[in-house]
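Output the structure for:
(one chain, ligands or ions: 2)
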Amino acid sequence: MSKQQRIYRFGADEQGRDVTEGASSMNFVLGGKGANLAEMARIGLPVPPGFTITCQTCVEYSEAGNTWPEGVIDEIAAAEADLERRMGKRLGDPTDPLLVSVRSGAPFSMPGMMDTVLNLGLNDDSVQGLIAQTGNARFAWDSYRRFIQMFSDVVLGVDAELFENAITAKKLVAGVRNDSDLAAEDLEELVAEFKQIFSEHVSAAEHPELVVDGAVTFPTDPALQLRLAIQAVFGSWMNERAILYRKQNNIPDDLGTAVNVQVMVFGNKGETSATGVAFTRNPADGTKEFYGDFLVNAQGEDVVAGIRNTEPISDLKTVEGLQEAGAELERVFTILENHYRDMCDIEFTIEQGRLWMLQTRVGKRTATAALKIAIEMVGEGLITREEAVRRIDPGQLDQLLHPQFDANAELDILARGLNASPGAAVGEIVFSSDDAVARAAEGHPVVLVRWETNPDDLKGMVAAEGVLTSHGGKTSHAAVIARGMGTPCVCGVESFRIDAANKEVRVAGTDIVLHEGDIISIDGATGIVVQGAVPLVSAELTGDLETILTWADEVRLSEENGAPCHVRVNADNPADAQLALDFGAEAIGLCRTEHMFLGERKNIIQTYILSDDDAERQTALDELLRVQTEDFVQMLRTMTGRAMVIRLIDPPLHEFLDDPRALDVKIARLEAEGAAADEIAAAKARLRRIDAMTEANPMLGLRGVRLSVVYPDLPLMQVRAITTATAQLIKEGFDPKPEIMVPLVAITAEHVQTREVIEQVIAEVSEATGVALDIPVGTMLELPRACLVADEIARHAEFFCFGTNDLTQTTFGFSRDDAEAKFIPIYLHRKILKTNPFETIDDAVLELVRMAVEKGRAANPDMHFGVCGEHGGDPASIEKFFNVAGVDYVSCSPYRVPVARLAAAHAKLKR
Ligand code: PEP
Ligand code: MG
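Ligands and ions are numbered 1, 2, ... in the order given. Predicted structure coming up:
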């Protein structure tokens, strides 16, 4: 077997010929950054030469307990020598040194999560070579001090603040405000101080390789610098924030990261040098415009960290000395878009007027932007409609259904910043990620307010409703991460003078001081910040979303490529039914009738359940019949021409009764207050009846079809209400299509006997009204036994609808009410479970569904099949229901309907 290639070259050789070995298709080998650097080099874009060490090498390194696999160090040395030959320069050369960057790059983008070292190769000798070559001592010493600072922090974990403090002290002594005002001599002194900090804070015992003459010394040998930096990047794959980010984004832990070693180019070589981050289109709203920020005379991390305020990319062409490179960059934007047929995100550096591309990838975008870009690219002929549909992540649509500020609210605007990630958020101010996590865990919505965020803030950003920063542009860390997560974000709110240590913000130009716990509202779509809580409203389906969903419907409802994939809704009142129709639901897949017994109707059903008096019970039942008939008239009228699956009453009856504990308290109070004896006796009698109905395991108790067997009056009243409403509507000229569903069936005979009485009522009402009624009766399959005997049940049913909530509960034996709070998080953490089975369908539960569909279809070819558990709105589950289990429809809550329509189209495209 030939040995796997571990290192791939990219860029030109000494004669300017391209010697790139990788390509964009090699994402899982070279990581996103390495694969795309190779691709850009291949298509002739200016990429500084270098090489990529594969992700598999990182995996080998991690698996070997962070030790080098055999031969790798020699291979790296050979690649380094090759790069030196190609460049005609050597690392560490005292006359004309080569400098390199060492960057991570995983198969999936993990912005800012892993480590980078720049300016590697500098030491006391080569810094002199850099001065000689550039004639710029200030630049050379600045590069050197940045290298020591980054290397110490990233590779050896020396506290970054120690270096920042030294810089601040130096500025005070020099009497200057900005880092860029420090002179070459100041920076040279800083280099000496930094080396001292390094010696004092790195442990000799842990790093014997750094001990020279008995003391820890900053490494001068470039080969050692390189090896340590690569080791650090490999190690950063398993750092805490990277692990958390992967968990958040469902990225597997076993992919590893590649390492890119690339010749340095400098954006900090004076006024004709610059560095920037840009998108080929606006990633926040999708507008076709160049979008991003740059900084003159700066290095890359200055832009992303938001340390200096940046300038918009559209101004680049107007800067003296940068015009040509600016125009070239715009040409590159077009080349990249045409090549990738998608919006790209890039990093570039201009070194003394010459443009270099440091990174590109398909850019992350908000849901709004994703829709606009996909639709416009269809218009531009770059992609097809199907591709446009495929490109929208159904999970991301949630963002569009995000709340917005109520347009009627009076906004007393406190400040404005950049609209970095859309959606509105209201919450208490917190100033640190730890506080965000703690306060959110107590159930308080929070807005994380920071000067800027860094990768360690991820947990706080996850916990917060929204994020506000006072610094940084739209490509700052906060903006990129928030957009990816769909969290509202306003950044660059410059009037916020944040004092995180004292937990307060002074708002410039006002005498307002905000403290921790004060409520603010932010709108990430407009950049507006308001003191206090602004009322929020949910969004509507309009414009681009409508267009994409219409295209998605064409795909999922087409007869080509297998059966159509239908989407229904779970709704039990006319308002939800109407909302669902507006959202594009085709029918009602589940009407939970017990929801119709809440509110003031609770009294009626309580009387029915608790009364000893038959006449009183009959009156209650008649009253329930009257109100239920009205409910069904309204809903069936709303749904005229469309199916409506109505489930007979399902939960244990005591769910409609008072809480016995509350009743106990009430009795004690009545006694203490000396209430009338008969009042106390009545309350006690009521308590006894409720106690008598209590079950040890109500979820496994007298509920579902069992109620129809033991207390048939209630479900039969419901059937009468359904049929009466149907007959009335038919007479009025409507086209009602009810389907009656029997819940929680386990045994065929349960279904058969219940069906018999249902049919009787239908026949009676038909005769009484003179209207012919053809109402299908189906079974809700939500117990493993029912799935096992699905063929038997199918002979007596027109349809099956899978209640995957109960089916998951009973297949696992996990209580759906408790498991998610009590132990599923631990199971996920321990990797006993990969996903929460109540969220995404478990494969074993799916197998029960698949088997029951197969058995049912074989026994009764005219049947139809659906899913109406919560999983019916989960994109990952939807794909499996259609493509693995072979159901005809999924049914979900109204707000999930747009997501399900798109996910159903994806399922169809995936076939
Ligand atoms: C189910 O069990 O999946 C279902 C839809 O029914 P319910 O959630 O009402 O028990
Ligand atoms: Mg159920």
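
Against residue 869, how distant is the one residue in the stretch 401-550 of the chain that gets nearest to ligand 2?
Nearest residue of the stretch 401-550 of the chain to ligand 2: residue 401, at 25.4 Å (CB to the ion). For the C-beta atoms, the positions are set from N, CA and C on the backbone; glycine is no exception. To residue 869, residue 401 is 21 Å away according to CB to CB, to the nearest Å.

next one: residue 117
With CB to CB as the criterion, residue 117 and residue 869 are 50 Å apart.

who's more crowded, the two?
Here residue 117 and residue 869 are set side by side on neighbour count (other CB atoms under 10 Å), and the busier one is residue 869, at 30 against 25.

Would you confirm that the more buried one contacts residue 810?
No. Distance between residue 869 and residue 810: 11.9 Å, which falls outside the contact criterion (CB atoms under 8 Å).

shared neighbours, those two?
When CB atoms under 8 Å, 6 or more residues apart in numbering defines a contact, the residues bordering residue 869 and residue 810 alike are residue 782.

Next, give phi and psi for the residue lying closest to residue 418 once chain neighbours are set aside.
Take residue 418 and drop its neighbours on the chain: the residue closest to it by CB to CB, 6 or more residues apart in numbering is residue 492, 4.4 Å away. Here the main-chain torsion angles of residue 492 (degrees, to the nearest 10) amount to phi 60, psi 40.

so who does residue 492 touch?
Counting by CB under 8 Å, 6+ apart, residue 492 makes contact with 306, 309, 417, 418, 420, 469, 470, 471, 472, 473, 474, 476.

try it again with 6 Å
Residues counted as contacts of residue 492 (CB atoms under 6 Å, 6 or more residues apart in numbering) are 417, 418, 472.

Tell me how many other residues crowd residue 508.
For residue 508, using other CB under 10 Å, the count is 13.

cool, residue 779 as well?
When neighbours are counted by other CB under 10 Å, residue 779 registers 30.

Look at it and give its secondary structure.
Look at residue 779: counting by DSSP: H, G, I helix; E, B strand; the rest coil, its state is strand.

So it versus residue 761, what's the distance?
Using CB to CB, one obtains 18 Å as the distance from residue 779 to residue 761.

And residue 818, by the same measure?
From residue 818 to residue 761 the distance is 37 Å (CB to CB).

Can you pull the poorly scored residue ranges out of this protein?
1-2, 301, 303-308, 399, 402, 474-475, 484, 486, 539-542 (pLDDT under 70).

Up against ligand 1, what does it have?
For the chain, the residues in contact with ligand 1 (CB under 6 Å from any ligand atom) are 590, 592, 650, 782, 803, 804, 805, 806, 868, 869.

which SSE is residue 30 in?
Using DSSP states H and E, the element containing residue 30 is helix 27-42.

So which elements touch that helix?
With contacts defined as 3 or more CB pairs under 6 Å, 6 or more residues apart in numbering; DSSP states H and E, the secondary structure elements packing on helix 27-42 are strand 7-10, strand 100-105, strand 258-263, strand 354-362.

residues contacting residue 405?
By CB under 6 Å, 6+ apart, the residues touching residue 405 are 424, 523, 534.

For residue 818 and residue 761, indicate the residue with more neighbours.
With neighbours defined as other CB under 10 Å, residue 818 and residue 761 compare such that residue 761 has more, 21 against 11.

how close does that one sit to residue 777?
Using CB to CB, one gets 11 Å for the distance from residue 761 to residue 777.

Tell me the gap between stretch 519-534 and the middle of its chain.
For stretch 519-534, the separation from the chain centroid amounts to 22 Å (computed by CA atoms, centre = their mean, to the nearest Å).

what's in contact with it?
Residues lying outside stretch 519-534 but in contact with it, judged by CB under 6 Å, 6+ apart, are 405, 409, 411, 413-419, 421-426, 428-429, 447, 466, 468, 488-490.

And stretch 367-381, by the same measure?
Among residues not part of stretch 367-381, those counted as contacts by CB under 6 Å, 6+ apart are 281, 283, 285-286, 343, 383, 385, 388, 391-392, 396-397, 399-400, 544-545, 547-548.

cool, stretch 699-710 as well?
Contacts made with stretch 699-710 from outside it, assessed by CB under 6 Å, 6+ apart, are listed as 650, 651, 652, 695, 715, 742, 743, 744, 745, 750, 754.

Also stretch 682-694?
Counting by CB under 6 Å, 6+ apart, the neighbours of stretch 682-694 from elsewhere in the structure are 610, 654, 657, 660, 663, 667.

Can you point out the buried residues in it?
With burial defined by 16 or more other CB atoms under 10 Å, the residues of stretch 682-694 counted as buried are 683, 686, 687, 690, 693.

how near is the nearest residue to residue 39 once chain neighbours are set aside to ligand 2?
Using CB to CB, 6+ apart and skipping residues adjacent in sequence, the residue nearest residue 39 is residue 24, 3.7 Å away. Plainly put, residue 24 is 47 Å away from ligand 2 if you go by CB to the ion, to the nearest Å.

cool, residue 260 as well?
Applying CB to the ion, one obtains 52 Å for the distance of residue 260 from ligand 2.

And for that residue, the neighbour number?
By the other CB under 10 Å criterion, the neighbourhood of residue 260 contains 27 residues.

can you offset everything so residue one is 95?
New numbering, starting at 95: the last item is residue 354.

got the contact list for it?
For residue 354, the residues meeting the contact criterion (CB under 6 Å, 6+ apart) are 127, 128, 146, 197, 199.

mind running it again at 10 Å?
Counting by CB atoms under 10 Å, 6 or more residues apart in numbering, residue 354 touches 102, 104, 124-125, 127-128, 131-132, 144-147, 194-199, 210, 327, 452-453.

thinking again about what came up before, quick check: which of the helices and strands packed on helix 121-136 is nearest to residue 277?
Judged by CB to CB, the one of the helices and strands packed on helix 121-136 that comes nearest to residue 277 is strand 194-199, at 25.9 Å.

Counting by contacts, list what that closest one packs against.
Identification of packing neighbours for strand 194-199 by 3 or more CB pairs under 10 Å, 6 or more residues apart in numbering; DSSP states H and E yields helix 121-136, strand 144-147, helix 166-181, strand 210-214, helix 231-250, helix 316-330, strand 352-357, strand 448-456.

Okay then, goodbye and thanks.
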